[in-house]
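Novice: sequence-free structure coming up:
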Ligand code: SF4
């Protein structure tokens, strides 16, 4: 065993864990399970977290990627990441009952994509190819107007006329810094660009990244709890690493390595927007057993009382249940 005797502080990011979109999506599946029973079909992982998916699977939720795997007329929940219009159309054709758990902040991006396409505006989508959210948003942009970029080299390869009007949309969970660099480069190339400073990066992504940067001022090693498929969790690790602090991402406390603490005195912990609190609590407990004198510190979260409305049928079911209680 290396020198693991020095840890003095465990700093927890003040703002971390579930965002409002994830809380709603999980509640939607919980209520759909109660209301419609099992098997309940969910298209794509409702949120990108292994523990949550495993728990739902153990209770009869079947996660599918293709609607072909849902028997006709069954209920299917669409994930928080958003779903392309052709999938809604296919579900309607098949007589499937859809419960849509798309985060309203992703829906907002879909509506903007439609507005650009109605006006024939070339639309640049900044995001990760293959990520569910980008796949969904792509579906709202007309063929021939859609341009996906992940990095600066993609901008060099864009073939849009430089005097064209160009709209920019981003995945909601990107790195705030990387995105602003890409947007600056796009602005330089396309004078008629329509964009804000950080585009569609959501409040939860921004707040969690800011909180991690604050942690890096206090800590000499950072651990992010989050699944590898979770875009926002990966960005948290990168933000910490960008500040020169060694950073690790773990899906569960069992992946934590005490050797990461060798020679370190101050550990920072945060978690992605789809990570249940009990995983972080378990990690802290585990580390505290090894380092009982390490002082735990956490400031109050800056997010208070943010909640998104649930789909009407889910709200109605909740209301009825409350009346009966
Ligand atoms: S990370 Fe942002 S966009 Fe994604 S579900 Fe949460 S609030 Fe919505």
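Specialist: Alright, I've got the coordinates. Quick caveat: nothing in here was measured; it's all calculated off a predicted structure. Numbers count the residues shown, from 1 in each chain.

Novice: measure residue 51 to residue 57 for me?
Specialist: Distance, residue 51 to residue 57, using Cβ to Cβ, to the nearest Å: 11 Å. In short, each C-beta sits where N, CA and C put it, glycine included.

Novice: more neighbours, those two?
Specialist: residue 51 (16 against 12; other Cβ atoms under 10 Å).

Novice: which residues touch the more buried one?
Specialist: Residues near residue 51 by Cβ atoms under 8 Å, 6 or more residues apart in numbering: 251-252, 276, 279.

Novice: in the residues you listed, which residue is surrounded by the most others?
Specialist: Neighbour counts for the contacts of residue 51 (other Cβ under 10 Å) peak at residue 279, which has 21 neighbours.

Novice: need the three-state assignment for that one.
Specialist: Of the three states, residue 279 takes helix under DSSP: H, G, I helix; E, B strand; the rest coil.

Novice: surely it touches residue 271?
Specialist: Yes: counting by Cβ atoms under 8 Å, residue 279 does reach residue 271; the two are 6.9 Å apart.

Novice: intersection of neighbour lists for the two?
Specialist: By Cβ under 8 Å, 6+ apart, the residues touching both residue 279 and residue 271 are residue 225.

Novice: helix or strand: which one has residue 307?
Specialist: For residue 307, there is no enclosing helix or strand under DSSP states H and E.

Novice: tell me how many other residues crowd whichever residue of the chain sits closest to the ligand.
Specialist: Across the chain, the shortest distance to the ligand (Cβ to the nearest ligand atom) belongs to residue 21, at 2.4 Å. Residues lying near residue 21 (other Cβ under 10 Å) number 26.

Novice: for the one helix or strand it maps to, what is the average pLDDT?
Specialist: Using DSSP H and E, residue 21 maps to helix 20-36. Helix 20-36 shows a mean pLDDT of 97.

Novice: which strands and helices sit next to that helix?
Specialist: strand 40-43, helix 50-58, strand 75-78, strand 97-100, helix 104-118, helix 312-324 (3 or more Cβ pairs under 8 Å, 6 or more residues apart in numbering; DSSP states H and E).

Novice: can you rerun that using 7 Å?
Specialist: strand 40-43, strand 75-78, helix 312-324 (3 or more Cβ pairs under 7 Å, 6 or more residues apart in numbering; DSSP states H and E).

Novice: any idea which of those gets closest to residue 263?
Specialist: strand 40-43 (44.2 Å; Cβ to Cβ).
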